[in-house]
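[1] Quick one: sequence plus predicted model below, questions after.
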Amino acid sequence: MNDEQNIVDLLYSKAHSMTGSDQKIAAVILKDPAKIVNFTISELSRAAGVSDASVSRFCKNLNLSGFHQLKIQLATVAADKYSYYQNLKPDDLQQSLQNITANKVAELENTLTKVPTATIKQILQALKKAQVVQIAAAGDTYPVAADAVYKFNQLGIFAIAAESWETAIAQTMNLPKQAVLLVISNSGETKSLLQQIKIAQQRGILVIAITNRGDAPISLQADLQFTIAVRQQVLQSEYFFSRVAAMTAIEALFLLLITEDKTYLDHIKAHEDLVAETKI
């Protein structure tokens with residue numbers, strides 16, 4: 001796996017927390033990264049409706065040395081059509097379907113190739129050693145938690161979750177120290193999940209976060225983080241949401257666990273045999 005996040009992934013992950021000026025600049029860049037490679041700093045500032053100084057601050061906020069380094073990083077990904085968001089066209093459904101496909105391919109590609117190998121190894125080891133894995137998620141991300149519970153239990157890894165936060169927090173309070181709390185949150189800012197993390201860590205429980213922002217509060221509070229790439233824009237705003245990337249992260253962990261230990265396959269087969277009678 002490539003351990004470095006490319007500039008386009010970085011812009012998507014930080015879009016939610018950027019200042020107004022930075023959001024304007026990011027929007028112009030993400031609309032056509034290849035075009036920006038040939039821009040001067042003044043051309044970008046005019047296109048975004050901000051000052052040259054704002055562009056310079058934008059680069060510094062991304063921990064870049066300056067505008068030239070921004071253009072170099074954009075040049076490395078600009079030719080990749082899967083690097084950035086493809087707008088949907090209400091008057092052209094077939095083109096919209098193609099663009100959705102491109103966005104989902106980008107999510108999968110950038111989710112599975114940008115997580116540090118060392119981090120993945122640590123997460124896999126934690127899951128294998130855990131006495132219990134509690135999966136926590138809120139709102140429309142909860143289906144990902146339910147999917148994770150099913151998959152991990154199929155492997156023989158005892159996993160639990162609760163859609164009700166009141167029940168979920170009670171579960172956390174009863175977790176053994178050998179447990180793992182796996183928190184899934186697109187925004188990485190859900191207050192109830194942050195409180196759940198606090199309780200888990202007070203009990204000495206390892207916390208793993210799956211979010212699309214490495215600098216989000218949940219990511220920063222977690223012991224290990226799996227940063228996913230999200231491309232699906234909602235209502236033409238700066239908000240990006242998708243369950244596909246989070247589901248992909250769970251699917252990847254599921255498959256990697258099987259790859260590392262083939263005995264998991266025996267547990268899956270035993271489970272399939274038990275439920276076979278329910279199928280036609």
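    That came in fine, so what should we check first? Numbering: from 1, shown residues only.
[2] Chain neighbours aside, what residue packs nearest to the residue nearest to the spatial centre of the chain?
    Among the residues of the chain, the one closest to the centroid is I228, at 2.2 Å (Cα atoms, centre = their mean). Nearest residue to I228 in three dimensions, chain neighbours excluded: A245, at 4.0 Å (Cβ to Cβ, 6 or more residues apart in numbering). C-betas here are computed from N, CA, C, even on glycine.
[3] host element of that neighbour?
    Counting by DSSP states H and E, the element that carries A245 is helix 243-260.
[4] Buried residues of that helix, list them for me.
    For helix 243-260, a neighbour-count test (16 or more other Cβ atoms under 10 Å) marks 243-250, 252-254, 257-258 as buried.
[5] Likewise for stretch 130-150?
    Neighbour counts over stretch 130-150 (16+ other Cβ under 10 Å) mark 130, 132-138, 141-142, 144-145, 147-149 as buried.
[6] quick one: average pLDDT of it?
    For stretch 130-150, mean pLDDT rounds to 95.
[7] what distance separates that stretch from the centre of its chain?
    With Cα atoms, centre = their mean, to the nearest Å as the basis, stretch 130-150 stands 15 Å off its chain's centre.
[8] got the contact list for that stretch?
    Around stretch 130-150, the neighbours that count as contacts under Cβ atoms under 8 Å, 6 or more residues apart in numbering are 127, 152, 157-161, 163, 165, 168, 171-172, 175-176, 178-186, 190, 192-193, 196, 200, 206, 241, 243, 246-247, 250.
[9] Now do the strands in the stretch 101-250 of the chain.
    Taking DSSP state E, counting those that start in this stretch as the criterion, the stretch 101-250 of the chain contains strands spanning 133-137, 159-160, 180-184, 206-211, 224-227.
[10] Sheet-wise, list the partners of the last one with their directions.
    In the sheet, strand 224-227 lines up against strand 206-211 (parallel) (DSSP bridges).
[11] Put the alpha carbons of the partner strand into PDB.
    Provided in PDB are the C-alpha atoms of strand 206-211 (Å, rounded to 0.1, in the frame of the first residue of the first chain):
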ATOM      1  CA  LEU A 206      -8.100   0.200  22.200                       C
ATOM      2  CA  VAL A 207     -10.000   2.500  19.800                       C
ATOM      3  CA  ILE A 208      -9.900   2.200  16.000                       C
ATOM      4  CA  ALA A 209     -11.500   4.900  13.900                       C
ATOM      5  CA  ILE A 210     -12.700   4.700  10.300                       C
ATOM      6  CA  THR A 211     -13.300   8.300   9.000                       C
END
